[in-house]
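1. Let me see the structure of the following:
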Amino acid sequence: MTSSPPFRFTPGDFVTRRDLAIEYGGSTQGGIVASRQSNMVFLFTDPAHGSQFGYVYDGFADDGSAYYYTGAGQSGDQVLTHSNAPIAKASQRGSAIQLFAADGFIAGTGTKRQRYIGEFVLDPSEPVQRMPAHSADGKEARTVLVFRLLPVTELPPQLVDVAGRSQLPSEPFAIEVPTEINSAEFFETAGTPGQIAVRRESDLVTSFLSSQPDREFSRWAINLPAERTRLLTDVYDERDRILYEAKAIAGRSDLRMAVGQLYDYRRHIEVADLRCSVLLPARPSADLRDLLLDAGLGLVFKEHSAFTFEFAGTPRAPCHGSRLTPGRATPIRPSPDLPRVR
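-> So this is what the prediction gives:
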């Protein structure tokens, strides 16, 4: 890393991207620019034009306590690697994050002025969340990464106005995300299980998905803004509208946790006739199977190399009125009207 002069800008100063690159290194293109010369990450936002590319989440929180910045990638689900890695790894690399907002033009030219907003750090307790968006051409539904950045010093109110306000929703909502989405990007209210249990659950889910090649699976990411919490479900069968919660052990404590998690998840997932089921590595005891029946949940467990669908969950009664997603429910096998297990 070559030496560079100390960062001389104060919040409110103007600069062009060309002059900034000459002095501190980095590219003049792209919204996220990492400079090895100065060990800084420069972020550029353009409130006037960002929305046409789906960047409606860029901006300050209503109280100005945090700035939300949408990651790079104009098509497909954004990932934490490649162009987004400089933000995600800024803290461990010791890189300062400097935010600029487009604000007018250099007189007599078409060159945009960049106003320096200030230095930020990635929120260690809530660094990133996934949000629904569309590709740049508007044809593809996808998810984007939204980073939560905290100002290092208090910023003047006029700079908060220049950078704009975020359109992040303030009410709970859920979005479908690919099964490949890393659960490390989310927080689980039930606490973090041991690594061995996590690995076993992951292996169980992978085996289950592989055994159902004709199905389309995804996951649900549930955002709870008031609690600054996000939940990520295990598996969702899109065709049959079944939400699965996987557990590494077919024991009582694990099943009781699964029941609570599924009841919590389904309150926020607006799918008509949603069914919930527990996915286990072995057949549980008769009393625990009765527990799932009484709770209106289904049971799928692994026997040798195959999976047994012992009974289905009961479709959830509408609880959100007109908020429920319209559509015809698809029946699943087997019938939920089974006798009590003994």
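
2. What is the burial count for residue 39?
-> 16 (other CB atoms under 10 Å). In this view, the C-beta of every residue, glycine as well, is placed from N, C-alpha and C.

3. which residues touch residue 146?
-> Contact analysis of residue 146 by CB atoms under 8 Å, 6 or more residues apart in numbering lists 57, 68-71, 128-131, 168.

4. which residues in the stretch 101-250 of the chain form strands?
-> Assigned by DSSP state E, counting those that start in this stretch, the stretch 101-250 of the chain shows strands spanning 112-122, 128-134, 141-151, 173-177, 217-224, 229-232, 235-237, 242-246.

5. The first one - what's its average pLDDT?
-> When the per-residue pLDDT values of strand 112-122 are averaged, the result is 96.

6. winner for burial among the strands of the stretch 101-250 of the chain?
-> Counting by mean count of other CB atoms under 10 Å, strand 242-246 has the highest mean neighbour count of the strands of the stretch 101-250 of the chain, with a mean of 24.

7. Now do it: which elements does it pack against?
-> The contact analysis (3 or more CB pairs under 8 Å, 6 or more residues apart in numbering; DSSP states H and E) places strand 242-246 against helix 195-210, strand 235-237, helix 252-266, strand 275-280.

8. go again using 10 Å as the cut-off
-> helix 195-210, strand 217-224, strand 235-237, helix 252-266, strand 275-280, strand 298-303 (3 or more CB pairs under 10 Å, 6 or more residues apart in numbering; DSSP states H and E).

9. between the fifth one and strand 298-303, how many degrees?
-> Spelled out, it's strand 275-280. 20 degrees (axes from the mean of the first three to the mean of the last three CA atoms, to 10 degrees).

10. now swap in the longest one and tell me
-> Compare the direction of helix 195-210 with that of strand 298-303 by the same axes, to 10 degrees and you get 100 degrees.

11. who touches the nearest residue to residue 254 once chain neighbours are set aside in this structure?
-> With sequence-adjacent residues excluded and distances taken as CB to CB, 6 or more residues apart in numbering, residue 254 is closest to residue 247, at 4.1 Å. By CB atoms under 10 Å, 6 or more residues apart in numbering, the residues touching residue 247 are 193, 197, 200-201, 204, 234, 253-255, 257-258, 261, 278-281, 284.

12. what's the answer for residue 43, then?
-> 30-33, 58, 67, 69, 86-87, 97-101, 117, 120, 147, 149.

13. 8 Å - rerun?
-> Counting by CB under 8 Å, 6+ apart, residue 43 touches 31-33, 69, 87, 97-100, 120, 149.

14. picking that back up, so which of the helices and strands packed on strand 242-246 gets nearest residue 80?
-> strand 217-224 (14.4 Å; CB to CB).

15. elements contacting that closest one?
-> strand 128-134, strand 173-177, strand 229-232, strand 235-237.

16. what do you get if the cut-off is 7 Å, keeping everything else the same?
-> Helices and strands touching strand 217-224, by 3 or more CB pairs under 7 Å, 6 or more residues apart in numbering; DSSP states H and E, are strand 173-177, strand 229-232, strand 235-237.

17. could these be laid out in CSV, adding mean pLDDT and distance to residue 271?
-> Converted to CSV, the helices and strands packed on strand 217-224 look like this (pLDDT from 0 to 100; distance: least, CB to CB, whole Å):
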stretch, mean pLDDT, distance to residue 271
strand 173-177, 85, 9
strand 229-232, 83, 16
strand 235-237, 96, 9
